[in-house]
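Colleague: For reference, the sequence and a predicted model appear below.
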Amino acid sequence: MNLRRRHWVAGSALALLLAGCERRSGGPVELRLWAMGREGEVVKELLADFEKLNPGIRIKVQQLPWLSAQEKLLTAFAGDVTPDLCQLGNTWIPQFAALGAIEPLGDRIDHADGVTSADYFPGIWASNQIDAQLFGVPWYVDTRLIYYRKDLLLDAGFATPPASWAEWTGAMRAIKQRSPQNYGVLLPLNEYEQLLSLALQQDAPLLRDGGRFGDFRHADFRATLQFYLDLFKNGLAPRLSATAISNVWDEFAKGFFAFYISGPWNIGEFKRRLAPDKQHTWMTAPLPGPHGPGASVAGGASLVVFKASQHKEEAWKVIEYLSQPEVQRRFYQMTGNLPPRRSAWADPALQGDPYSAAFREQLERAKSPPKVPEWERIGTEMRIVTEALVAGRMTIEQAVTELDARTDRILEKRRWMLDQRGRA
């Protein structure tokens, strides 16, 4: 019997033995995985191959809508009916970690087969760490950068996209001068993510004293807010919300604005929605920073294991499988979601896509928002206050003072809990 034949027989015998064990123990382990939106559909196809490789595990996928997913997860935790593993938005990790709902994964990473932190973009990996403990493994990533009209930029005398705030402002002024009725950049007033990305480019954190208080009065945030406000005051950004523009892609094609800050999901939208004669006019570039190429927000979703799971080992196997570079490449091809591992970017579809190249560069400079459970509430207050600032109802001094006051109120319970923990 040749070597290949002996291996086949040995493998078949092992499979039969495992199958017999399953029958004696009542069948394979069934895991419950909750996933959101389109990912909930696609992961079923990916996991079909996992189940072939792991006949002792079966996975039941439940698809949740994004808008109600967080509430449903919190309800499941309160009722002690959480799934074994789940997709979580990166900004949700601190909340579920603070509740004690999800399992720390650091020890598993230390002994993982092929899951190594060095292969992940550092800002994305860090968004899963709370107090030096790892609670999730990045599944896919997004970040924000600029989509721009390269033809309008070239007509205004700029052969390359801007790298700094000063260059960006100069380019927008030149474009505005050629078409006074149009604008340099769209910064919807009902969204705070654009301002957040700019604020993360500064050295000072947005919260101080271990996330106990707001730090919006710091000189770094003031400088960011002044830059942001000047774009509106100088007529480079329209005072509009996203709902005031019926079709962002049409207005971009018309030249109503030349720059747009958005994430990777819009690559496909621009390809689909812009007319063929406009496809050559746009490109992506990293977000300009105060003094050169800047940071941007680390977004995306991660995979977590719930503490209440009775099958943590099997759940971890699923995460290991979905984290393999070749599986992440398939996931990208099926969804367009960008992979969090550098090695997965060897995919020819990614390497050959000029629009994705800027995201690859930007991800090296992605930074996590403050990792406190209350961050999304604070972000909402940031939007409300800065909208009042742009409308002229507040000065910068009043805006940063109000932001700190609102943030400190939101963090009051956090301070109490941390103080109690310190006395224990």
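Modeller: Thanks, I have it.
Colleague: which stretches of the stretch 51-200 of the chain form strands?
Modeller: Counting by DSSP state E, counting those that start in this stretch, the stretch 51-200 of the chain has strands at residues 57-64, 85-89, 129-130, 133-134, 137-142, 145-149, 183-186.
Colleague: Sheet-wise, list the partners of the last one with their directions.
Modeller: Think strand 183-186. Using DSSP bridges, the strands paired with strand 183-186 in its sheet are strand 257-262 (parallel).
Colleague: quick revisit: make a markdown table from the strands of the stretch 51-200 of the chain and add mean pLDDT and mean neighbour count to it.
Modeller: In short, each C-beta sits where N, CA and C put it, glycine included. Formatted as a markdown table, those follow (pLDDT from 0 to 100; neighbours: other Cβ atoms under 10 Å):
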| stretch | mean pLDDT | mean neighbour count |
| --- | --- | --- |
| strand 57-64 | 96 | 17 |
| strand 85-89 | 96 | 25 |
| strand 129-130 | 94 | 18 |
| strand 133-134 | 95 | 16 |
| strand 137-142 | 96 | 24 |
| strand 145-149 | 98 | 24 |
| strand 183-186 | 98 | 23 |
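Colleague: among these, which is nearest residue 324?
Modeller: Nearest to residue 324 among the strands of the stretch 51-200 of the chain is strand 137-142; the distance by Cβ to Cβ comes to 11.5 Å.
Colleague: Please name every helix or strand in contact with that closest one.
Modeller: Contact partners of strand 137-142 among helices and strands, from 3 or more Cβ pairs under 8 Å, 6 or more residues apart in numbering; DSSP states H and E: helix 122-126, strand 299-305, helix 325-335.
Colleague: for this structure, which spans come out with low pLDDT?
Modeller: Residue ranges of the chain with pLDDT under 70: 1-26, 112-113, 424.
Colleague: Apply 80 and report the result again.
Modeller: The model of the chain has pLDDT under 80 over residues 1-26, 110-114, 242, 422-424.
Colleague: one step back: let me know which of the helices and strands packed on strand 137-142 is tucked in deepest.
Modeller: strand 299-305 (a mean of 26; mean count of other Cβ atoms under 10 Å).
Colleague: between the helices and strands packed on strand 137-142, which gets nearest to residue 103?
Modeller: Residue 103 lies closest to strand 299-305 among the helices and strands packed on strand 137-142, at 4.3 Å (Cβ to Cβ).
Colleague: Can you tell me how far the closest residue to residue 345 other than its chain neighbours is from residue 170?
Modeller: Closest residue to residue 345 apart from its sequence neighbours, by Cβ to Cβ, 6 or more residues apart in numbering: residue 360 at 5.9 Å. Computed as Cβ to Cβ, to the nearest Å, the residue 360 to residue 170 distance reads 26 Å.
Colleague: Including distance to residue 256, could the helices and strands packed on strand 137-142 go into TSV?
Modeller: Shown next, in TSV, are the helices and strands packed on strand 137-142 (distance: least, Cβ to Cβ, whole Å):
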stretch	distance to residue 256
helix 122-126	32
strand 299-305	26
helix 325-335	30
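Colleague: To residue 409, which of these lies closest?
Modeller: Closest of these to residue 409 is strand 299-305, at 26.3 Å (criterion: Cβ to Cβ).
Colleague: Show me what that closest one packs onto, helices and strands only.
Modeller: When contacts are defined as 3+ Cβ pairs under 8 Å, 6+ apart, strand 299-305 packs onto strand 85-89, helix 93-98, strand 137-142, helix 312-322.
Colleague: who does the residue positioned nearest the centre of the chain bridge with?
Modeller: Centroid-nearest residue in the chain, with Cα atoms, centre = their mean: residue 299, separated by 1.3 Å. Taking DSSP bridges as the rule, residue 299 bridges to residue 142.
Colleague: mind listing what residue 105 touches?
Modeller: Counting by Cβ atoms under 8 Å, 6 or more residues apart in numbering, residue 105 touches 134-137, 304-305, 316.
Colleague: at 10 Å what do you get?
Modeller: With contacts defined as Cβ atoms under 10 Å, 6 or more residues apart in numbering, residue 105 is in contact with 112, 115, 128, 133-137, 302-305, 312, 316, 319.
Colleague: and what of residue 368?
Modeller: For residue 368, the contacting residues are 90-91, 93-94, 122-129, 200, 297-299, 375, by Cβ under 10 Å, 6+ apart.
Colleague: mind running it again at 8 Å?
Modeller: With contact set as Cβ under 8 Å, 6+ apart, residue 368 has these partners: 90, 123, 126-127, 297-298.
Colleague: Most widely separated two among those residues?
Modeller: Using Cβ to Cβ, the pair of those lying farthest apart is 126 and 297, separated by 12.3 Å.
Colleague: hey, C-alpha coordinates of stretch 310-326 in CSV?
Modeller: Provided in CSV are the C-alpha atoms of stretch 310-326 (Å, rounded to 0.1, in the frame of the first residue of the first chain):
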residue,chain,number,x,y,z
GLN,A,310,-21.4,25.8,26.6
HIS,A,311,-19.3,25.2,23.5
LYS,A,312,-16.5,27.7,23.7
GLU,A,313,-13.9,25.4,22.1
GLU,A,314,-16.0,24.7,19.1
ALA,A,315,-17.0,28.4,18.8
TRP,A,316,-13.3,29.3,18.8
LYS,A,317,-12.7,26.8,16.0
VAL,A,318,-15.3,28.8,13.9
ILE,A,319,-13.5,32.0,14.5
GLU,A,320,-10.1,30.5,13.6
TYR,A,321,-11.6,29.2,10.3
LEU,A,322,-13.2,32.6,9.4
SER,A,323,-9.9,34.3,10.2
GLN,A,324,-7.9,32.3,7.7
PRO,A,325,-6.5,34.6,4.9
GLU,A,326,-8.0,32.5,2.1
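Colleague: Other residues contacting that stretch?
Modeller: The contact list for stretch 310-326 (Cβ under 8 Å, 6+ apart) reads 29, 31, 33, 43, 46-47, 50, 53-54, 56-57, 59, 84-85, 103, 105, 108, 112-115, 137, 139, 303, 305, 309, 327-328, 331, 339, 341, 343-344, 346.
Colleague: try it again with 6 Å
Modeller: For stretch 310-326, contacts defined as Cβ atoms under 6 Å, 6 or more residues apart in numbering pick out 29, 31, 50, 57, 84-85, 108, 115, 137, 303, 305, 309, 341, 343-344.
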